[in-house]
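Asks: Here's a sequence, model it:
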Amino acid sequence: MSKSWFLVSTLLLLSSAAMADEFAGQASVIDGDTLEIHRTRIRLWGVDSPESGQLCRDDDSSQYRCGAQAANDLDTFIDHRPVSCVPLNLDPYGRTVATCSVGGTDLGEWLVRNGLALDWPQYSKGRYNAVQRAAEHAGRGIWKGSYVEPWLYRACIRAGGEPSACSDDANAHP
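Replies: Sure thing, here's the model as predicted:
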């Protein structure tokens, strides 16, 4: 048996395990849009939350750690209850992309509704657009001040930007 055949077989087995039917369990919050259940990393489908070290500005223009707030608020909402996920695919980092819920509440929708994540239309095709507009109108979460879209923040960091410069008002959504 060749090494390449073994590697391909192993990857297919791991992929099929990560893409199994719906699964549930105790979740650990990794960041605002990533969970771990039974050692499987799960990226919430259709939403993008600020990165853990990302800063946003509050309604009084003071900076706060909006990425850390998203993760903490998500952890508080889950509150050790079982999380159910329906896998959809794998992302380029090998994480399972899934819709997940707690007590019948879609976690992606909950994050967007509370201004802790943005609808990511590139993937969601606008599924969370209406709740995002409601969060914006109500000034919830990141909508109470200014922020940089998480995908733009990551691009700035990848281009060699410093976290504070990538979070600054020059790049911010008002």
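
Asks: list the contacts for the residue nearest to residue 41 when sequence neighbours are not counted?
Replies: Residue nearest to residue 41 in three dimensions, not counting chain neighbours: residue 95, with 4.2 Å by Cβ to Cβ, 6 or more residues apart in numbering. Glycine gets a C-beta too; all of them are placed from N, C-alpha and C. Contacts for residue 95 (Cβ atoms under 8 Å, 6 or more residues apart in numbering) come out as 34, 41, 42, 43.

Asks: quick one: which of those residues is most hemmed in?
Replies: Of all the contacts of residue 95, the highest neighbour tally under other Cβ atoms under 10 Å goes to residue 42, namely 26 neighbours.

Asks: Next, that residue: phi, psi?
Replies: phi -130, psi 120 (degrees, to the nearest 10).

Asks: where does it land on pLDDT?
Replies: As predicted, residue 42 sits at a pLDDT of 97.

Asks: if we can go back for a sec, can you list the contacts of residue 95 in a markdown table and add distance to residue 128 and secondary structure?
Replies: Supplementary listing: the contacts of residue 95 in a markdown table, determined by distance: Cβ to Cβ, whole Å; DSSP: H, G, I helix; E, B strand; the rest coil:
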| residue | distance to residue 128 | secondary structure |
| --- | --- | --- |
| 34 | 17 | strand |
| 41 | 21 | strand |
| 42 | 17 | strand |
| 43 | 15 | strand |
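
Asks: Take the residues you listed and write them to JSON lines, including distance to residue 107.
Replies: Converted to JSON lines, the contacts of residue 95 look like this (distance: Cβ to Cβ, whole Å):
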{"residue": "34", "distance to residue 107": "11"}
{"residue": "41", "distance to residue 107": "15"}
{"residue": "42", "distance to residue 107": "10"}
{"residue": "43", "distance to residue 107": "11"}
